[in-house]
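> Dropping a prediction and its sequence here:
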Amino acid sequence: MKKLLGYASTVTDSRQEKKVLHKMMDIIILVFFAALANADDRVEMEMFRKEQEAFLRKYLGLPNGILSHDTIQRVSAMVPSEFRKNA
């Protein structure tokens, strides 16, 4: 788990700092765990995160709570299309 968290923390966050409520590392790890749990879309990922919040908080700060599916959409839109699953 430490290696996974360490790797996720190396991703460069190009978002405007004043508009950021959720750490990029938290977003990456949350999406990763949700995908492992077969959450197929952003709404299912949000439901997974809400159901597993206690577990996730053991590893992530989540200072502004569980992120919404809208946040996942905005961050996903920043990923180049060749890296997206549904590209």
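Good, I have the coordinates.
> so where do the helices sit in this protein?
Under the criterion DSSP state H, helices of the chain are mapped to 2-8, 24-36, 42-51, 53-56, 69-76.
> so for the last one, what's the average pLDDT?
The average pLDDT within helix 69-76 is 82.
> Export the helices of the chain as a markdown table, with columns for mean neighbour count.
Heads up, the C-betas are built off the backbone N, CA and C, glycines and all. Below are these laid out as a markdown table (neighbours: other Cβ atoms under 10 Å):
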| stretch | mean neighbour count |
| --- | --- |
| helix 2-8 | 12 |
| helix 24-36 | 18 |
| helix 42-51 | 17 |
| helix 53-56 | 12 |
| helix 69-76 | 15 |
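> Kindly reformat those helices as JSON lines containing distance to residue 63.
Below are the helices of the chain laid out as JSON lines (distance: least, Cβ to Cβ, whole Å):
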{"stretch": "helix 2-8", "distance to residue 63": "16"}
{"stretch": "helix 24-36", "distance to residue 63": "9"}
{"stretch": "helix 42-51", "distance to residue 63": "15"}
{"stretch": "helix 53-56", "distance to residue 63": "13"}
{"stretch": "helix 69-76", "distance to residue 63": "14"}
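> show me where pLDDT drops low in the protein?
80-87 (pLDDT under 70).
> Is it correct that residue 9 is in contact with residue 25?
Yes - the pair residue 9 / residue 25 is scored as a contact, 4.7 Å apart, by Cβ atoms under 8 Å.
> Can you check which residues contact both of those two?
Here residue 9 and residue 25 have no joint contacts, going by Cβ atoms under 8 Å, 6 or more residues apart in numbering.
> Leaving out the residues flanking it, which one is nearest to the spatially most central residue of the chain?
Nearest to the mean C-alpha position of the chain, by Cα atoms, centre = their mean, lies residue 27 at 2.0 Å. Excluding the flanking residues, the one nearest residue 27 by Cβ to Cβ, 6 or more residues apart in numbering is residue 75, at 5.4 Å.
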